[in-house]
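K.L.:
take a look and give me a structure for this.
(2 chains)
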Amino acid sequence: MTIARLKASLLVLPLIVFLGLFFIWPLWMMIATSVQGGTVRLAFPATAVAIAQWNGDGLPSPDVQAALIQDLRAEVVQEVFGDAVRSLNSQQAGFRTLLPRTMTALRNAGADATPKLERIDPRWSQPSFWLALKRGMPAYTDANLLAAVDLKRGDDGTIAHVAPDMAVNRAIMLRTFIIAAQVTLACAAIGLPFAMLAASLGGWKRNFLLLAVLLPLWTSLLVRTAAWMILLQDQGLINQILKALGLIDASLPLIYNRTGVLIAMTHVLLPFMVLPIYASLIAIPRNLMPAAAALGARPWQAFRHVLLPLAMPGLLSGSLLVFMVALGYYITPALTGGAGDQMISSVIAFYATGTANWGMAGALGLFLLVPTTLLYIVYGRLSRTPLGQA
Amino acid sequence: MASFKQVIGSAGLAAGLVLSALGAASARDLTVVSWGGNYQDAQRKIYFKPFAEKTGKPVLDESWDGGVGVVQAKVKAGVPNWDAVQVEADELAIGCADGIYEKIDWAKLGGKDKFLDSAVSDCGVGAIVWSTMLSYDSDKLKTAPTSWADFWDTKKFPGKRALRRGPKYALEFALMADGVAAKDVYATLRAAGGIDRAFKKLDEIKGDMIWWESGAQPLQLLKSGQVVMTSAYNGRITGINKTEGTKFKTVWPGSIYAVDSWVILKGSPNKDAAMDFIAFASLPENQSKLPQDIAYGLPNKAAAAAVPADLAADLPTSPANLSGAISIDIDFWNDNIEDLTKRFNAWLGK
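P.N.:
Sure, this is the predicted structure:
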């Protein structure tokens, strides 16, 4: 019995290892990175001890300055120093140049000299830099999580709103959910009739329709976007045709705004809607609609009371799939959208690849992950519902 | 029990495969990474292939879109899978301070004095000098714009305009349009109220703007007539004029130039070969061929001197083009890019 169990568990071992390695571990790392501090303490151990005594009022005592000078003169691993600089600069812009400059000046001054930090760089006379240093010391920090929702620790340590002209993440997060919802609605509006048509046809016609809806998924993103530009731009095909027909005088703004984003995203996400609906429609016995008609239901009533309820599980799973995938889009909105169409993933990408601020990227990712997970649970429930009971 | 043995056996086989794959990875060929497009095509022709022929070993080339986080992640992963990478000036400065690049062996390159000052660093060797500048289609615009003030003048030049999405360059251009002399732009941005002034100037044309994301977009926007003016990279403009016969023109005064550099990622297993490659790509006789294909300035002084006069006139490094142009201020942007990107995104969404 135990050997049989062992054998069985060995068979699923690769799956478990795979899930752990490529799913759970990265997720855990992402969450951990967003709350981990400690790089500053590692790079400035003497300062960490000294600055703990400072209450954060005005400028710290000469002891703290002396400790910082000691730390900056000591040999540190360059990458540890780099990590500390990055996390400090994220909290207080300016550390990126201030710390290396101070370090170089101290080393050039020689070990016996006792230079004043303010003389090396006047920024050391600003309390905000010392405060950021003090706040950077603990091993865990809520700075990234707060910043992800436009909050920060005020000078007195309480949670406060960031300045209005710096508050951006909540608005972009909200916009991300709105765009995803709009795309889902558009996909449902096109996907349901499309799936009904495909399910009612047979043979090559059905295959052709399904192929047509799958094609954008297999097309390179840049080719797809370039195609939309040719179609939608001011001198594009659609505007030219409408003008030639005399329907419009001035070009319709179809791209570099929300319209462009919705068209391009709906186009590529449509298969995620069509296929689940198609799957639930194809399982409906063919004689149900004639039966409804025989019982006196008009076509609309038959659709409303027979077909739609039976197609509902497909429609719901399709909607959730489209919504969740749409949440993560950013290149398509960046290329076809306007000023107000940036989505949260582009902000995450900025921190992850642009400034290597993985703490911020992780925190924003977390706020995207939580709603997505909740939706996934809903999706799991819905897709388990047996057909015909919805 | 036979099946149990089979399981163990196949597990061992799998482990062996993984190990041999790792072994193959450690004997990886020299991998050089640049910015793709017709620029990398030119580099392949004049650097990668001749170097492979000279050494008798293959050179792999990949392309990337920049971002210090990308190289940071590769170095932190242990043994990086890239060796020589062409980085922008901000990535050079941050990465060098963070210790993710190998130190350059300047003796192999013939000494620092052979290069422009801005192309010399402990961790990198300048590869090209490139510019971001006001560009327009002279077939469509009959009056030529001459400054960023013209870019902002929607009465004289009606129609949409485009800039790269993000605060970098947009703030500088806005200040120049507001009457700040090019040489004073960064002092103004650092002074109190300077950033507010730039955003206020951007407010004026917010409704007429399209924001581009990738370097190919401004060309497409100009060509289709979607915009009347845009910022663009100088090499792309001369490139499309050559390949597609367009008549795009550029305005050199008010342009911002920057140096891209070759670096070697720390821990690279092909460190020496990468250094040899960089030395090869920095030789005057090799580097001076680049402007025939793409109009980027050359950091090796002897290479720059060997470029024929008609080609040199298009380069960001020619004295006529440098007058009124400024160098990007890497210190300013490395300190402020996170805060200003936040503010820029908030401004965009308003």
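
K.L.:
got the domain ranges for chain B?
P.N.:
Structural domains assigned to chain B are B:29-129+B:259-322, B:131-256+B:330-349, following automatic domain parsing.

K.L.:
the last one - what's its average pLDDT?
P.N.:
So the one you mean is domain B:131-256+B:330-349. Mean pLDDT, computed over domain B:131-256+B:330-349, is 96.

K.L.:
starting at the chain centroid, how far to that domain?
P.N.:
How far domain B:131-256+B:330-349 lies from its chain's middle: 16 Å, per C-alpha atoms, centre = their mean, to the nearest Å.

K.L.:
endpoints of it, how far apart?
P.N.:
Terminal residues of domain B:131-256+B:330-349 lie 28 Å apart, using C-alpha to C-alpha, to the nearest Å.

K.L.:
quick one: contacts for B:N241?
P.N.:
Under the criterion of C-beta atoms under 8 Å, 6 or more residues apart in numbering or on different chains, the contact list for B:N241 reads B:247-248. To be clear about C-beta, it is placed using only N, CA and C from the backbone, and glycine gets the same treatment.

K.L.:
can you tell me the element it falls in?
P.N.:
If you go by DSSP states H and E, B:N241 is part of helix B:234-244.

K.L.:
please identify the buried residues of that helix?
P.N.:
Using 16 or more other C-beta atoms under 10 Å in any protein chain shown as the test for burial, helix B:234-244 gives B:234-241.

K.L.:
so what are the domain limits for chain A?
P.N.:
Domain assignment of chain A by automatic domain parsing yields the ranges A:39-138, A:169-384.

K.L.:
quick one: which of those domains is nearest B:D196?
P.N.:
Evaluated over the domains of chain A, closeness to B:D196 peaks at domain A:39-138, with 15.4 Å, by C-beta to C-beta.

K.L.:
report whether that closest one contacts chain B.
P.N.:
Yes - for domain A:39-138 and chain B, the contact criterion (C-beta under 8 Å from any C-beta of the partner chain) is met by A:77-79, A:81-83, A:85-86, A:89-90, A:93-97, A:100.

K.L.:
any of the residues you listed buried? List them.
P.N.:
Buried members of the residues of domain A:39-138 next to chain B, counted by 16+ other C-beta under 10 Å: A:79, A:81-83, A:85-86, A:89-90, A:93-97, A:100.

K.L.:
show me what contacts whichever residue of the stretch 101-250 of chain A sits closest to chain B?
P.N.:
Closest residue of the stretch 101-250 of chain A to chain B, C-beta to the nearest C-beta: A:V168 (3.9 Å). By C-beta under 8 Å, 6+ apart, the residues touching A:V168 are A:150, A:347, B:342-343, B:345-346, B:349.

K.L.:
and these as TSV, adding secondary structure and neighbour count?
P.N.:
Formatted as TSV, these follow (DSSP: H, G, I helix; E, B strand; the rest coil; neighbours: other C-beta atoms under 10 Å in any protein chain shown):
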residue	secondary structure	neighbour count
A:D150	coil	19
A:V347	helix	24
B:K342	helix	22
B:R343	helix	21
B:N345	helix	23
B:A346	helix	21
B:G349	helix	16
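
K.L.:
which one of those residues is nearest A:P164?
P.N.:
The closest of those to A:P164 turns out to be B:A346 (C-beta to C-beta; 7.9 Å).

K.L.:
my guess is B:V68 contacts B:G95, does it?
P.N.:
Yes - using C-beta atoms under 8 Å, B:V68 is in contact with B:G95, at 5.8 Å.

K.L.:
so what sits against both of these two?
P.N.:
The overlap between the contact sets of B:V68 and B:G95 (C-beta under 8 Å, 6+ apart) consists of B:V87.

K.L.:
what about residue 249, neighbour count?
P.N.:
By default, I'm working from chain A. Taking other C-beta atoms under 10 Å in any protein chain shown as the criterion, the count of residues near A:D249 is 7.

K.L.:
the intended chain is chain B.
P.N.:
The number of residues packed near B:K249 is 16, by other C-beta under 10 Å.

K.L.:
will you turn the contacts of A:V168 into JSON lines that also has distance to B:V32?
P.N.:
Below are those laid out as JSON lines (distance: C-beta to C-beta, whole Å):
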{"residue": "A:D150", "distance to B:V32": "42"}
{"residue": "A:V347", "distance to B:V32": "31"}
{"residue": "B:K342", "distance to B:V32": "35"}
{"residue": "B:R343", "distance to B:V32": "37"}
{"residue": "B:N345", "distance to B:V32": "34"}
{"residue": "B:A346", "distance to B:V32": "39"}
{"residue": "B:G349", "distance to B:V32": "39"}
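
K.L.:
from those residues, which single one is nearest A:Q235?
P.N.:
Of all the contacts of A:V168, B:G349 has the smallest distance to A:Q235: 28.2 Å, by C-beta to C-beta.

K.L.:
contacts only, for that closest one.
P.N.:
Applying C-beta under 8 Å, 6+ apart, we find B:G349 in contact with A:168, A:171-172, A:175, A:339-340, A:342.

K.L.:
are any of the residues you listed buried, and if so which?
P.N.:
Buried members of those, counted by 16+ other C-beta under 10 Å: A:168, A:171-172, A:175, A:339, A:342.
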